[in-house]
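Colleague: Provided below for reference: sequence and predicted model.
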Amino acid sequence: MGRQHWKKIWVGSAGNMVEWFDWFVYASFATYFAGAFFPSGNPTAQLMNTAGIFAVGFFMRPVGGWLLGRVGDRKGRKAALTLTVTLMSASAVLIAVAPTYGVAGYGGALVLLVARLLQGLSVGGEYAASATYLTEASDPRRRGFASSFQYVSMTAGQIVGLGLQIVLQRTMSDDALHSYGWRIPFVVGALGAAVVFYLRRTMLETEVYEEDTSHSEERGTLRALWRHKREAFLVIALTMGGTVAYYTYTTYLTKYLSNSAGLSKETATLVSFTALIVFACLQPLAGALSDRIGRRPLLITFAVGSTFLTVPIMTLLRHADGYWPALGLALLALVVVTGYTSINACVKAELFPTGVRALGVALPYAIANALFGGTAEYVALWFKKGGIESGFYWYVAGCAAVSLVVYVTMRETKDLDLARVRAGEDSTLTPAS
């Protein structure tokens, strides 16, 4: 892989990291600011309120997926990626300055809601623009490896957020964190987004996009996407199990270890932090493996593992009595999830032609996340509040089982030529000379 390919991957990944730092930091610091925007009372009810606003951000992702996917297909991947990081910077600033319930009543919660709506718009387009850019910018024979850096950067954003949380937990009192310390990561996120905005303004467009000659008025439109409706529904179905599992073992894990297993916030945060570092390192290895053996074997391995191991892993995590038992179980879960996360970006991008690729990835993926990923934490807390927490374990396993059926029946996409993907056209890569 040449220097230009690495440069494109680096710039795309750096922006993705900041985007997802801002997105995930909301979830990881929610235990500290949940009481700031809602009346005092039941801590679980406060978390449900903040989780509900977290989910609202996901419901804006289809809108962002449509809007920014259209921009990506009509104006270029660079234009879409620059716009997404601008929206994310604005949302981080709003959360950093939002007034508390004691100062403005529910006005602070309203500011929080607006910020999450902006984040939803941004991330709704960011995932697809990033997935499309990383897939198109890579060597055709190493797309799995290159696109795996999307989840490396996503996870790196969360690692930085959790790392900052650990530092703040060790340098500030608990009262100070609940009072004003939780605002610090959002200030950091806004500054990081400003840096990435500069980087993305100077990034290079992908050759696949520049060489595409299908510049029709329908490019990046819903009408054009409808011609590939089978692929769009396929994206929703194959995303379902993966996104629920991913958010269960990343954004929700810290709260689960703290609220259900009874571990301290500090220990729960450290478990997530360590597990995510290992998880990030696994992504390129699994992505490279998919370039050799195909995408389907990894997806099927994930779905089988998640279907049959989720209930025992979550049950054992519920009774984990320390750092090492919790870490071991978390790592087992994330190894299973790697079968999905390492390659899902390129699998989706490989399904669509260039003129509708960004929209084709963005909109159905955002819909699946709105229905399943964004609501995972809220569903988990709903089961917990109802006294049947184990019901959530079966819910996660069931979503994986549905996706398993899709993985078994879908076609292999490893050898498709991105420049020739058309409905009914032979788009298989020619053998390397």
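Modeller: It's in.

Colleague: where exactly do the helices run in the stretch 301-433 of the chain?
Modeller: Along the stretch 301-433 of the chain, counting by DSSP state H, counting those that start in this stretch, helices occupy 323-341, 344-349, 357-368, 376-385, 390-409.

Colleague: Which among those is found nearest to Glu207?
Modeller: Closest approach to Glu207 among the helices of the stretch 301-433 of the chain is made by helix 357-368 (13.8 Å; C-beta to C-beta). (C-beta placed from N, C-alpha, C; glycine too.)

Colleague: quick one: that closest one to helix 390-409, angle?
Modeller: 150 degrees (axes from the mean of the first three to the mean of the last three C-alpha atoms, to 10 degrees).

Colleague: Going forward, count from 569.
Modeller: I'll keep to 569 as the first residue from here, and by that count the last item is helix 925-936.

Colleague: Quick one: distance of helix 925-936 to the chain centre.
Modeller: Once both centres are worked out by C-alpha atoms, centre = their mean, to the nearest Å, helix 925-936 turns out to sit 13 Å from its chain's centre.

Colleague: Stretch 845-865 now?
Modeller: 17 Å.

Colleague: buried residues in that stretch?
Modeller: For stretch 845-865, the neighbour count (16 or more other C-beta atoms under 10 Å) marks 847-848, 850-852, 854-855, 857-859, 862-864 as buried.

Colleague: cool, stretch 971-980 as well?
Modeller: Neighbour-count burial for stretch 971-980, counted by 16+ other C-beta under 10 Å, picks out Ser971, Leu972, Val974, Tyr975, Met978.

Colleague: Using CSV, please lay out the helices of the stretch 869-1001 of the chain together with mean pLDDT and distance to Tyr766.
Modeller: As requested, the helices of the stretch 869-1001 of the chain are exported to CSV (pLDDT from 0 to 100; distance: least, C-beta to C-beta, whole Å):
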stretch, mean pLDDT, distance to Tyr766
helix 891-909, 97, 29
helix 912-917, 94, 25
helix 925-936, 93, 23
helix 944-953, 90, 33
helix 958-977, 97, 39
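
Colleague: could you dump those helices to JSON lines with distance to Met771?
Modeller: Output for the helices of the stretch 869-1001 of the chain, formatted as JSON lines (distance: least, C-beta to C-beta, whole Å):
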{"stretch": "helix 891-909", "distance to Met771": "24"}
{"stretch": "helix 912-917", "distance to Met771": "18"}
{"stretch": "helix 925-936", "distance to Met771": "15"}
{"stretch": "helix 944-953", "distance to Met771": "32"}
{"stretch": "helix 958-977", "distance to Met771": "33"}
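
Colleague: nearest to Thr739, of the ones you listed?
Modeller: With C-beta to C-beta as the criterion, Thr739 lies closest to helix 891-909 of the helices of the stretch 869-1001 of the chain, at 20.4 Å.

Colleague: buried sites along the closest one?
Modeller: Neighbour counts over helix 891-909 (16+ other C-beta under 10 Å) mark 891, 893-895, 897-909 as buried.

Colleague: Look up the closest residue to Val846, ignoring the ones flanking it.
Modeller: Excluding the flanking residues, the one nearest Val846 by C-beta to C-beta, 6 or more residues apart in numbering is Leu899, at 5.9 Å.

Colleague: returning to that earlier point: pick out whichever of the buried residues of stretch 971-980 sits closest to Val879.
Modeller: Once C-beta to C-beta is applied, the member of the buried residues of stretch 971-980 that ends up nearest Val879 is Leu972, at 15.2 Å.

Colleague: which residue sits closest to that closest one in space, ignoring its chain neighbours?
Modeller: With C-beta to C-beta, 6+ apart as the criterion, Leu972 has its nearest non-adjacent residue at 3.6 Å, and that residue is Ala871.

Colleague: Quick one: residues contacting that neighbour.
Modeller: By C-beta atoms under 8 Å, 6 or more residues apart in numbering, the residues touching Ala871 are Gly809, Gly907, Tyr908, Ala968, Ala969, Ser971, Leu972, Tyr975.

Colleague: and if you look at Phe717?
Modeller: By C-beta under 8 Å, 6+ apart, the contact list for Phe717 reads Ile577, Gly580, Ser581, Leu702, Gln851, Pro852, Gly855.

Colleague: ok, it to Ala856 distance?
Modeller: The gap separating Phe717 from Ala856 is 11 Å, by C-beta to C-beta, to the nearest Å.

Colleague: what's the neighbour count on Asn812?
Modeller: Residue 812: Val, not Asn. 30 (other C-beta atoms under 10 Å).

Colleague: Would you map the helices across the stretch 619-768 of the chain?
Modeller: 629-642, 645-665, 669-672, 675-705, 711-715, 717-739, 742-747, 752-769.

Colleague: just those: most buried one?
Modeller: Comparing those by mean neighbour count (mean count of other C-beta atoms under 10 Å), helix 711-715 ranks first with a mean of 29.

Colleague: Give me the contact list for that one.
Modeller: If you take C-beta under 8 Å, 6+ apart as the criterion, helix 711-715 is touched by 569, 573, 577, 699, 702-703, 705-707, 852, 855-859, 863, 910-911, 913-914, 917-918, 982.

Colleague: what about Ala805, how many residues close to it?
Modeller: The burial count for Ala805: 18, using other C-beta under 10 Å.

Colleague: From Ser690, how far off is it?
Modeller: 25 Å.

Colleague: can you check Tyr814 too?
Modeller: Separation of Tyr814 from Ser690 (C-beta to C-beta) stands at 19 Å.

Colleague: With Ala936 instead?
Modeller: Using C-beta to C-beta, one obtains 18 Å as the distance from Ala936 to Ser690.

Colleague: Ile881 now?
Modeller: Taken as C-beta to C-beta, the span from Ile881 to Ser690 is 32 Å.

Colleague: Kindly report the same for Leu850.
Modeller: Taken as C-beta to C-beta, the span from Leu850 to Ser690 is 27 Å.

Colleague: same thing with Gly729?
Modeller: 16 Å.

Colleague: hmm, back to that, so which of the helices of the stretch 869-1001 of the chain is nearest Thr668?
Modeller: Proximity to Thr668 (C-beta to C-beta) singles out helix 944-953 among those, at 22.1 Å.

Colleague: Can you name the residues in contact with that closest one?
Modeller: Residues outside helix 944-953 that contact it (C-beta under 8 Å, 6+ apart): 595, 612-613, 615-616, 619-620, 622-623, 811-812, 815-816, 819-820, 823-824, 827-828, 957-960, 963-964.
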